[in-house]
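S.K.: here you go, sequence then predicted model.
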Amino acid sequence: MLEVKNARMLYGNLVAVDHLSFQVKPGDIFGLLGTNGAGKTTTFRMIMGLLDPTEGEVLYHGEKVGYHNVNEIGYMIEERSLLTKITVKELMLYFGQLKDMSPKVILERLDYWLDRFGIVEYKNKKIKELSKGNQQKIQFISAIINNPKLLVLDEPFSGLDPINTELFVSVIRDFQKQGSMIVFSSHQLDHVESFCEELIVLEKGKVVIEGRIDKVKKDFKKQNIKIIGDVDIKTLEAIPGVYKVIENKNQVIAKIENEEVAKRVFDYIKTCENITKYDVEQASLSEIFIAKVGQRS
Ligand code: ATP
């Protein structure tokens, strides 16, 4: 188990992470989300033992991460810093041997991953000759080459196209199935909704949202009603509990305070002609985030 216990990190007077606590168990995919500067990378550096928390502690199976257990961990750092003048094969031999792996095992696994990522032809190419996306795949492979039991991924999906995002997700899911713990960060809140079950959203080092995504959404009472058809915006806006109405090209979104308001909106919709479709949707994670951060300031 990975335990972040009341961790606080100061850089001078700046509180980068403020009393953060969470646990990750084998088979969990845990998302650490937040806008730029929220404290995600600082948290990962504390997990990896590269930074000592000013207060609190971070424990991996009850111990700090250090030389004795780091071979079980894979870390993909946010800065895409690979050694660009050497080949993919040389780089992987270097990283793998740092993790006490034999060259034979490293090369077997490298062949497997290059094939899975569809980049077999780059094995003997220099890193600098690879596209940004392919360099990202190599960086990811360097984090998983040791078959980690804990996989720490700082912005793994940043800059990836949808097909490669799916590819990364499928590999991460395989690690989940074999019981690894996965912690990843992202600044794209809605992007990860279907990917992780449990998350923390940080803003300036403080937790603003935490828990299982389904519960976070259920606890947030506000909802959206999407309507396709002819409605009168002013009438919708006048319904008590409707706090905003947005007109898009071919749909109208009525934002409502809670599900009781939906009935009043439906009663009005039933009086309209030419309604093709209407649906209630839960608020997105970004909407919840904006609502919570707005309330705090
Ligand atoms: P991003 O999404 O932009 O990578 P992040 O959520 O990873 O951001 P951190 O890199 O952890 O955020 O930074 C948290 C805060 O700590 C920011 O205000 C940042 O400027 C500050 N910070 C980070 N590293 C240092 C450092 N070495 N010295 C001083 N301040 C730092």
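M.R.: Thanks, I have the structure now.
S.K.: residues from the stretch 101-250 of the chain in reach of the ligand?
M.R.: His187 (CB under 6 Å from any ligand atom). (Glycine included, C-beta is placed from N, CA and C.)
S.K.: in the stretch 101-250 of the chain, what residue is nearest the ligand?
M.R.: His187 (5.1 Å; CB to the nearest ligand atom).
S.K.: didn't that residue look like it was pressed against Leu32?
M.R.: No: with contact defined as CB atoms under 8 Å, His187 does not reach Leu32; the gap is 10.3 Å.
S.K.: so which strand or helix has Thr43?
M.R.: helix 40-47 (DSSP states H and E).
S.K.: which positions in the helix or strand just after that helix come out as buried?
M.R.: Following helix 40-47 in sequence order, the next helix or strand is strand 55-60 (DSSP H and E). With burial defined by 16 or more other CB atoms under 10 Å, the residues of strand 55-60 counted as buried are 56, 58, 60.
S.K.: shaky segments in the stretch 151-297 of the chain?
M.R.: 295-297 (pLDDT under 70).
S.K.: can you pull out the helices in it?
M.R.: Here the stretch 151-297 of the chain has its helices, by DSSP state H, counting those that start in this stretch, at 162-177, 213-219, 233-238, 259-270, 285-296.
S.K.: for the chain, which segments count as strands?
M.R.: Secondary structure of the chain (DSSP state E): strands at 2-11, 14-24, 29-34, 55-60, 73-76, 150-153, 181-186, 198-203, 206-212, 223-229, 242-247, 252-256, 275-282.
S.K.: who has more neighbours, His187 and Leu32?
M.R.: More crowded of His187 and Leu32, by other CB atoms under 10 Å: Leu32, with 26 against 15.
S.K.: who touches the closest residue in space to that one that isn't next to it in sequence in this structure?
M.R.: Computed as CB to CB, 6 or more residues apart in numbering, the closest residue to Leu32 that is not its neighbour in sequence is Ser185, at 4.6 Å. Applying CB atoms under 8 Å, 6 or more residues apart in numbering, we find Ser185 in contact with 31-34, 40-41, 43-44, 78, 153-155.
S.K.: what subset of those is buried?
M.R.: 31-34, 40-41, 43-44, 153-155.
S.K.: quick one on the thing from earlier: and which of the buried residues of strand 55-60 is nearest the ligand?
M.R.: Val58 (14.1 Å).
S.K.: understood, closing this out.
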